[in-house]
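Novice: the following comprises the amino acid sequence and a computationally predicted model.
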Amino acid sequence: GVVAHRNNDVERARNFYREALAVPSGPTPLDRARTRVNLGLLEFDARDFAAALVSHRAAIAEASEALGESHPLVLELATYEAAALDALGHRQAARERLTTFITAESSDGAGSQRSPWPSIRLSRLDSHFRRRTSARTSAQRALAAANPDDVLTRLNAETALADALTDVNAALTHYAGVLDRCQATYGEHHPAMASFLQRAAAGMLRLSLPTEAREHLRRALVIGERLAGSDLAATAETHRLLADAALALADPTSALASATAAVTILTELPGDHGLDLALARRSLARAHLARGELAPATTALSAVLAVLEPRLDPDDPDLAATRSDLARALLTADPTHPDARALLTQARDVYAALGEPFARERHDVEQRLAATTTPHP
């Protein structure tokens, strides 16, 4: 199964793992746990995140039976569970699992982390919720734990640190350092270069630097197009970010083209791309809205919300932003639309719970709420 997995023969690997799990006697609970971990990793790579979560949780149960719930190996398996939870949109649960693991690992007397990746993932999750201080702490912990010779891991940790910075110049310095080292290590046309250009561009959009972001994204797109068999999901994400940059630059026509490209790619890819596709469709809807095309904007945003509501945590900022966008589209078409106030109220409550980092979004929603016209009976 492992050999087939390494050779990207997914179905053959899956069958071998399942045959191994069906052996009635001989394998210990720990043997079965290892096989379930491998099966979960296979399902994750195949983008069946729900199946991956089931397999990893079964592995944790069997390893706990063999070693005890507090054993370091059992605790480490929680990081696989966290990755599946994050991919499914359950970000708060993923954060809790990673925090529990890192806390236990730091108190086991070893004095250092075994792997920097749990801290990298935790930093990314905290950045998503704009918990910048916690995100910086996790990124710095990851950098301290990373092997100096493991360039790729260090680049990811450094990028996580840049994502957590609020000082524009400091963040740009970190992004530039990542890109310089990536190019020196892998070359300017390597897939890793495209990936880190995309990550830096996302950070620049966060810092309200859409022109710089667009330059990086165009470079990333050129690299992806040069590579045969490139990661199409990554290409779609580049198109989506290009759409967001174009919207920030008041170019809704370009935004529409880029968002359409992202949606087209993701629609045709196998596996679970539900969250990525929803965000691409949201960018598409925003482009329609910026062009004054209210009907397709409203239809797209309603479909996006139908996807996000059952998948994301109730307090996820992506969910609040989608509700705010849909309310804006509805109110533009009809200032008395009956659904708009409920959507805005839900968004406001989420932003209020998320606190000061989302004060601007909360203010915008409250202003729109105050301006909403209540229909007469």
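Specialist: Good, I have the coordinates.

Novice: Arg131 and Asp163, how far apart?
Specialist: Distance, Arg131 to Asp163, using C-beta to C-beta, to the nearest Å: 11 Å. (Glycine included, C-beta is placed from N, CA and C.)

Novice: of those two, which one has the most company?
Specialist: Applying other C-beta atoms under 10 Å to Arg131 and Asp163 shows that Asp163 carries more neighbours, namely 24 against 20.

Novice: name the nearest residue to the more buried one, sequence neighbours excluded.
Specialist: Of all residues not flanking Asp163 in the chain, Ser127 sits nearest, at 4.6 Å (C-beta to C-beta, 6 or more residues apart in numbering).

Novice: can you list contacts of the helix or strand encompassing the one you found?
Specialist: Taking DSSP states H and E as the criterion, Ser127 maps to helix 117-128. The set of residues external to helix 117-128 that reach it, using C-beta atoms under 8 Å, 6 or more residues apart in numbering, is 79, 82-83, 86, 91, 94-95, 98-99, 101-102, 105, 113, 132, 134-136, 138-139, 141-142, 145, 153, 156-157, 160-161, 163-164, 317.

Novice: just the ones of these in helices?
Specialist: Among the contacts of helix 117-128, the members found in helices (DSSP state H) are 79, 82-83, 86, 91, 94-95, 98-99, 101-102, 105, 132, 134-136, 138-139, 141-142, 145, 153, 156-157, 160-161, 163-164, 317.

Novice: where does the stretch 51-200 of the chain have low pLDDT?
Specialist: Low-confidence segments of the stretch 51-200 of the chain (pLDDT under 70): 108-113.

Novice: not counting sequence-adjacent ones, nearest residue to Ala87?
Specialist: What sits nearest to Ala87 in space, not counting adjacent residues and going by C-beta to C-beta, 6+ apart, is Phe49, at 4.2 Å.

Novice: got a list of what the one you found touches?
Specialist: So Phe49 contacts 43, 84, 87-88, 272 (C-beta under 8 Å, 6+ apart).

Novice: and the buried ones among the residues you listed, selectable in PyMOL?
Specialist: A single PyMOL command is used to select the members of the contacts of Phe49 judged buried by 16 or more other C-beta atoms under 10 Å:
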select buried, resi 43+84+87+88+272
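
Novice: between the contacts of Phe49, which is closest to Glu19?
Specialist: Proximity of those to Glu19 was ranked by C-beta to C-beta; the top entry is Glu43 with 16.0 Å.

Novice: measure Thr260 to Arg57 for me?
Specialist: Distance from Thr260 to Arg57, counting by C-beta to C-beta: 38 Å.

Novice: I meant Asp272, not that one.
Specialist: Separation of Asp272 from Arg57 (C-beta to C-beta) stands at 17 Å.

Novice: now do Leu30
Specialist: 16 Å.

Novice: ok, Gln92 next?
Specialist: Separation of Gln92 from Arg57 (C-beta to C-beta) stands at 17 Å.

Novice: can you verify my assumption that Ala94 contacts Ala82?
Specialist: Yes: with contact defined as C-beta atoms under 8 Å, Ala94 and Ala82 form a contacting pair (4.3 Å).

Novice: now do the strand or helix carrying Met204 and helix 117-128, the angle between them.
Specialist: Using DSSP H and E, Met204 maps to helix 191-206. For helix 191-206 against helix 117-128, the angle by axes from the mean of the first three to the mean of the last three C-alpha atoms, to 10 degrees is 30 degrees.

Novice: flag the shaky bits of the stretch 201-350 of the chain, pLDDT-wise.
Specialist: In the stretch 201-350 of the chain, residues with pLDDT under 70: 228-230.

Novice: and the strands in it?
Specialist: Ranges of strands in the stretch 201-350 of the chain, per DSSP state E, counting those that start in this stretch: none exist.

Novice: which residue ranges form the helices in it?
Specialist: Along the stretch 201-350 of the chain, counting by DSSP state H, counting those that start in this stretch, helices occupy 210-226, 232-248, 252-268, 274-290, 294-311, 317-333, 340-354.

Novice: good, we can wrap up now.
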